[in-house]
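>>> have a look; sequence and predicted model below, questions after that.
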Amino acid sequence: MGEAPAFYVDDMQRSFSNGVDLKLTGFETATAIGNKTYVIGGNDDPTSNGVRIFDKSTGEWVIPTVLGTKPKALEGHSCLVLNQDKILIIKSNSKSNESVWFLEVDTQFIQDQKRKFDSEVVAWSKGVIGDAERPVVISGPSGVGKGTLINLLMKEFPTKFGFSVSHTTRAPREKEQNRVHYHFTKRSVMEEEIKAGKFLEFAAVHGNLYGTSIEAVDVVADAGKRCILDIDVQGARSVRASSLEAIFIFVCPPSFEELEKRLRARGTETEEQIQKRLRNAKAELEQGNSPGLFDHILVNDDLEACYERLKNILGISKSMNTASKTQIEVFDLPVDLSLSKINENVLINCGPAEQSVVLDLSSMKGGAPGRTRGLNMYAFDPITEGANGCNF
Ligand SMILES: Nc1nc2c(ncn2[C@@H]2O[C@H](COP(=O)(O)OP(=O)(O)O)[C@@H](O)[C@H]2O)c(=O)[nH]1
Ligand SMILES: Nc1ncnc2c1ncn2[C@@H]1O[C@H](COP(=O)(O)OP(=O)(O)O)[C@@H](O)[C@H]1O
């Protein structure tokens, strides 16, 4: 008997589990991992969270908490078990760069959330073709110049950077616009949304709640821009522990006196708020030096010089505005497709071998609650790929 081919069609998709008819509807698929069968898809009814779980060991259905931004209108799709904690979903009849999704069912992130929610949890993570640049976290005490530096970046490189619009319970300052500077939110609403798993991170800062929703980061990634997060040190710790793989920059003032001078000159806080922010600044400046938390410390003395240093850290050259990003080839995936493993990658069978596509997972990184990045997709070549063991 010759060696088994290096690929096999995933036979885990079935509409029965242990003899129990799962009664799949519409566009649902069933994918089994261990005792659980994940029924994915179904109508796009906003109340249906798109995932049901049949637990063979109990014979019970479980409706899990679903985190992350789920794919819209998951009608035709095909699934493949990548490993014990992740299912690959490819949307049929879609653009290749919009087609790749992962349902995480037992990654470290999921295990952490299961403990927090004390229930079954799954999370969506959209696949990003190409290597989206790492997000940028900028922290520092109130009044140090974070917003000023970020505005300079966004103004000079409007197509390259996108700002992650946080939620906050703080009142808007004069000239601050809702959904531009912040999503200004009632505390009760924000607390509900935190419980619903909407946030990548959140923290109590200067007596108000602040938080970065998963969607705020996704929106920037979907626009093909590099995400900038202006968050406090607690938030930086949370993001450092997540799969976002950001670059962490701490901005500090040339002196504490200068920090106070700027905060007062900005004229946006009451005396009581200024005192509170200055008290917190002392702790934040200490945190800024915590080993392993920030990759870069930026002293914001002369604004222009500091801005140049920030651009160097981000690897931005003067010509960046004109340099076109490497174009990712986008093609249409058909209505009928199926998935099979081919060595370490996935073959998206689109009919005749020469119309099929390879999803290269070799550089895959990131994952829920953010995007899964570093994917590559290219036309299947029966000669080269077939030589590696695909016997068509
Ligand atoms: N953890 C966390 N902190 C945030 C977020 N958005 C803003 N912050 C931080 O909250 C603090 C107060 O922000 P703000 O009220 O705008 O005052 P500013 O620092 O004077 O601009 C700053 O340190 C921000 O970096 C967020 O989404 N998460
Ligand atoms: N290098 C600098 N030198 C002097 N003033 C500065 C400098 N950077 C920022 N500022 C001013 O300091 C104040 C606080 O800056 P801001 O960007 O709002 O800080 P943050 O967002 O960190 O709270 C603003 O009035 C801003 O114009």
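Yep, it's here. Ligands and ions are numbered 1, 2, ... in the order given.
>>> ok, residue 92 to residue 195 distance?
For residue 92, the distance to residue 195 (CB to CB, to the nearest Å) stands at 35 Å. In short, each C-beta sits where N, CA and C put it, glycine included.
>>> same check, this time on residue 210
17 Å.
>>> what residues sit buried inside stretch 168-177?
168-170 (16 or more other CB atoms under 10 Å).
>>> and it, how far out from the chain's middle?
26 Å (CA atoms, centre = their mean, to the nearest Å).
>>> can I get the CA coordinates of it in PDB?
C-alpha atoms of stretch 168-177 as PDB (Å, rounded to 0.1, in the frame of the first residue of the first chain):
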ATOM      1  CA  THR A 168     -15.600  56.100  27.000                       C
ATOM      2  CA  THR A 169     -18.100  57.300  29.700                       C
ATOM      3  CA  ARG A 170     -16.200  60.600  30.000                       C
ATOM      4  CA  ALA A 171     -18.100  63.700  28.700                       C
ATOM      5  CA  PRO A 172     -17.000  65.000  25.300                       C
ATOM      6  CA  ARG A 173     -14.600  68.000  25.300                       C
ATOM      7  CA  GLU A 174     -15.500  71.100  23.200                       C
ATOM      8  CA  LYS A 175     -14.900  70.200  19.500                       C
ATOM      9  CA  GLU A 176     -14.800  66.400  20.200                       C
ATOM     10  CA  GLN A 177     -17.200  64.600  17.900                       C
END
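>>> does ligand 1 sit close to it?
Yes - applying CB under 6 Å from any ligand atom, one finds stretch 168-177 touching ligand 1 at residue 170.
>>> and the contacts of that stretch?
178, 181-187, 190, 206, 208-211, 268 (CB atoms under 8 Å, 6 or more residues apart in numbering).
>>> can you do 7 Å?
With CB atoms under 7 Å, 6 or more residues apart in numbering as the test, stretch 168-177 has contacts from 178, 182, 184-187, 190, 208-210, 268.
>>> and those as TSV, adding pLDDT and distance to residue 358?
Shown next, in TSV, are these (pLDDT from 0 to 100; distance: CB to CB, whole Å):
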residue	pLDDT	distance to residue 358
178	97	45
182	97	43
184	98	46
185	97	44
186	97	49
187	97	49
190	97	43
208	96	49
209	97	45
210	97	42
268	94	53
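>>> what's the closest of those to ligand 2?
Nearest to ligand 2 among the contacts of stretch 168-177, counting by CB to the nearest ligand atom, is residue 268 at 7.6 Å.
>>> residue contacts, the closest one?
Contacts of residue 268 by CB under 7 Å, 6+ apart are residue 173.
>>> how about the backbone phi and psi for it?
Taking degrees, to the nearest 10, you get phi -110, psi -10 for the backbone angles of residue 268.
>>> show only the entries of the buried residues of stretch 168-177 found in strands.
residue 168 (DSSP state E).
>>> wait, does stretch 245-257 contact ligand 2?
No - Stretch 245-257 lies out of reach of ligand 2 by CB under 6 Å from any ligand atom, never closer than 6.7 Å.
>>> can you pull the contacts of residue 179?
Residues in contact with residue 179 (CB under 7 Å, 6+ apart) are residue 165.
>>> do the one 5 residues further on as well
When the contact criterion is CB under 7 Å, 6+ apart, the partners of residue 184 are 168, 172, 178.
>>> ditto for residue 78
90, 92, 337-339.
>>> nearest to residue 249, of these?
Using CB to CB, residue 90 comes nearest to residue 249 of the contacts of residue 78, at 36.5 Å.
>>> contacts only, for the closest one.
With CB under 7 Å, 6+ apart, residue 90 has these contacts: 77-78, 99-100, 333, 337, 339, 348.
>>> circling back to that earlier point, could I get the contacts of residue 184 as CSV with distance to residue 31?
What follows is the contacts of residue 184, written out as CSV (distance: CB to CB, whole Å):
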residue, distance to residue 31
168, 39
172, 46
178, 41
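>>> picking that back up, please tabulate the contacts of stretch 168-177 in a markdown table, including the columns distance to ligand 1 and secondary structure.
Converted to a markdown table, the contacts of stretch 168-177 look like this (distance: CB to the nearest ligand atom, whole Å; DSSP: H, G, I helix; E, B strand; the rest coil):
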| residue | distance to ligand 1 | secondary structure |
| --- | --- | --- |
| 178 | 14 | strand |
| 182 | 7 | strand |
| 184 | 11 | strand |
| 185 | 11 | coil |
| 186 | 16 | coil |
| 187 | 14 | helix |
| 190 | 11 | helix |
| 208 | 7 | strand |
| 209 | 9 | strand |
| 210 | 3 | strand |
| 268 | 7 | coil |
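>>> which among these count as buried?
182, 184-185, 190, 209-210.
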